[in-house]
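Chemist: take a look and give me a structure for this.
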Amino acid sequence: MHIRNLPWLIFPLFPLELFGAEPTTPIPPAPKFKIEETIVSYRGKLVNDYVSFPALLRIGKNEALLSYKRGYAHARDPGAVLEFSRFDLEKGRRIGEPIRMGMADRVMQMGEWIRFPNGTLGTFIDAHLINDDNQHIRIGLLYSLSHDNGKTFGPLQRLGVVDGVEYGYLFDSVTIGKRLYALIMTFEYLAGGRRSVDALYTDNNGKNWHFIRNLSQEFGNIPINESGLIAYKEGFIVVTRGYDSMARLHRVDREFNLIHQTNLTEITPTIASYIGRPRLFTIGEKHFLIGRNRRSSEPGIRMELGLIRIDPESLTVEKQFVLDNNEQDQVTDGYYPFPMLVESGEQTLLNIFDYRALQGNSPDIIRLQFDSAEFLQ
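Modeler: Numbering: from 1, shown residues only. Here you go, the predicted model:
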């Protein structure tokens with residue numbers, strides 16, 4: 001039997017070095033059930049064909065809002081817009097003509113959806129300008145709101161200064177009762193003069209925001225950017241991507257005071273660096289982390305879409321899977337995944353919306369579907 005077909009957790013009882021063999025990085029398994037669809041393709045486009053960074057918000061049982069960037073490069077592409085449309089989860093197709101939001105000579109790099117407790121929804125955009133040194137400079141977090149479940153949207157607005165700090169990039173949010181918590185990043189050239197990921201909250205559906213804690217500082221003065229969170233017991237679990245190429249999990253209370261944390265990169269053989277655009281979610285009572293992974297730092301090991309089942313108490317890996325690029329193909333950009341559970345007959349399918357570029361071409365927006373029961377075994 002080929003080694004790729006063996007479960008990842010089956011290892012030799014003794015180190016391979018004792019037998020004169022080179023140690024190898026274990027290979028997490030790929031799910032048996034997988035459906036792949038292309039939702040938005042670059043093919044046939046002459047301009048603005050670089051589609052990337054999808055985000056979704058469910059607006060009905062089988063309908064969601066799908067947004068993504070449309071530009072001409074991964075970054076540094078002035079004029080790139082945020083494009084979004086309704087998406088039929090059952091039929092697998094977009095509904096109607098897409099809406100585009102943008103500003104002249106600015107980059108609409110990311111859009112993150114929020115639904116506030118009163119039902120208002122909005123897209124919060126990581127907006128940039130490109131300076132004379134070809135650097136990304138955040139211009140301050142932009143947003144647009146819809147009061148009719150995504151049928152129409154208001155004008156772009158600027159979030160502005162919150163307790164002396166202006167923010168540029170919103171990562172994730174969780175609602176508990178009438179309070180919405182969010183992880184948002186600020187930058188040293190914005191008001192406040194620091195680069196950190198902060199926890200904020202709003203009790204009035206985004207009209208006013210309030211600072212809770214500087215998480216970069218709380219977690220040990222670590223350099224972090226992309227982060228995600230999920231409610232757990234009387235607090236949260238937070239995942240962070242480090243500028244130091246480390247992936248970490250942190251358990252905090254409701255005020256984001258640190259209770260426990262682990263460095264997944266240091267303690268997990270199959271995580272060699274950070275987890276790109278990490279997101280946390282649950283299937284039943286099990287907790288999962290998804291994002292871009294490299295299972296080894298060895299030459300030739302390429303990026304892959306990784307799924308990790310975690311123990312929420314110890315913050316360690318229970319199981320790990322490779323959802324895409326297990327074959328180590330020429331994936332040259334991709335894997336900022338957005339997970340969503342969709343009921344289909346007697347199955348609960350884990351839908352993953354993502355972007356993927358092959359062999360240096362522009363990416364496609366893709367949807368991958370898996371039988372969620374496979375990840376619970």
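Chemist: so who does T38 touch?
Modeler: 364-366 (C-beta atoms under 8 Å, 6 or more residues apart in numbering). Using the backbone N, CA and C atoms, a C-beta is placed for each residue, glycine as well.
Chemist: next, format those residues as CSV and append distance to S85 and neighbour count.
Modeler: Shown next, in CSV, are the contacts of T38 (distance: C-beta to C-beta, whole Å; neighbours: other C-beta atoms under 10 Å):
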residue, distance to S85, neighbour count
D364, 15, 20
I365, 11, 24
I366, 16, 21
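Chemist: name the nearest residue to W209, ignoring sequence neighbours.
Modeler: With sequence-adjacent residues excluded and distances taken as C-beta to C-beta, 6 or more residues apart in numbering, W209 is closest to V162, at 4.6 Å.
Chemist: burial count for the one you found?
Modeler: Using other C-beta atoms under 10 Å, V162 has 20 other residues around it.
Chemist: list the contacts of it.
Modeler: V162 sits next to 200, 209-211 when contact means C-beta under 8 Å, 6+ apart.
Chemist: try 7 Å
Modeler: Going by C-beta atoms under 7 Å, 6 or more residues apart in numbering, V162 touches 200, 209, 211.
Chemist: now do R179
Modeler: Shown in contact with R179 (C-beta under 7 Å, 6+ apart): 201, 203.
Chemist: quick check: phi and psi at it.
Modeler: Main-chain torsions, R179, degrees, to the nearest 10: phi -110, psi 130.
Chemist: which residues pair with it across the strands?
Modeler: Counting by DSSP bridges, R179 forms beta bridges with I176.
Chemist: per-residue confidence averaged over the strand or helix carrying T332?
Modeler: Using DSSP states H and E, T332 sits in strand 331-334. For strand 331-334, mean pLDDT is 96.
Chemist: how about stretch 59-79?
Modeler: The pLDDT scores in stretch 59-79 average 95.
Chemist: stretch 179-186 now?
Modeler: Mean per-residue pLDDT for stretch 179-186: 98.
Chemist: put the alpha carbons of that stretch into CSV.
Modeler: Extracted as CSV, the C-alpha positions of stretch 179-186 are listed here (Å, rounded to 0.1, in the frame of the first residue of the first chain):
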residue,chain,number,x,y,z
ARG,A,179,-23.1,42.8,21.8
LEU,A,180,-20.9,42.2,18.8
TYR,A,181,-17.2,41.5,19.3
ALA,A,182,-14.6,42.0,16.5
LEU,A,183,-10.9,41.6,15.9
ILE,A,184,-9.5,44.6,14.0
MET,A,185,-6.0,45.6,13.2
THR,A,186,-4.4,49.1,13.4
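Chemist: mind checking the SS state of the residue most central in space within the chain?
Modeler: Nearest to the mean C-alpha position of the chain, counting by C-alpha atoms, centre = their mean, stands R277 at 3.7 Å. Here R277 is recorded as strand under DSSP: H, G, I helix; E, B strand; the rest coil.
Chemist: element containing the nearest residue to it once chain neighbours are set aside?
Modeler: Spatial nearest neighbour of R277, chain neighbours left out: Y336 (3.8 Å); criterion: C-beta to C-beta, 6+ apart. Using DSSP H and E, Y336 sits within no helix or strand.
Chemist: contacting residues for Y336?
Modeler: Neighbour list for Y336: 53, 276-277, 292, 354-355 [criterion: C-beta under 7 Å, 6+ apart].
Chemist: just the contacts of V162: which are in strands?
Modeler: Residues of those located in strands (DSSP state E): 200, 211.
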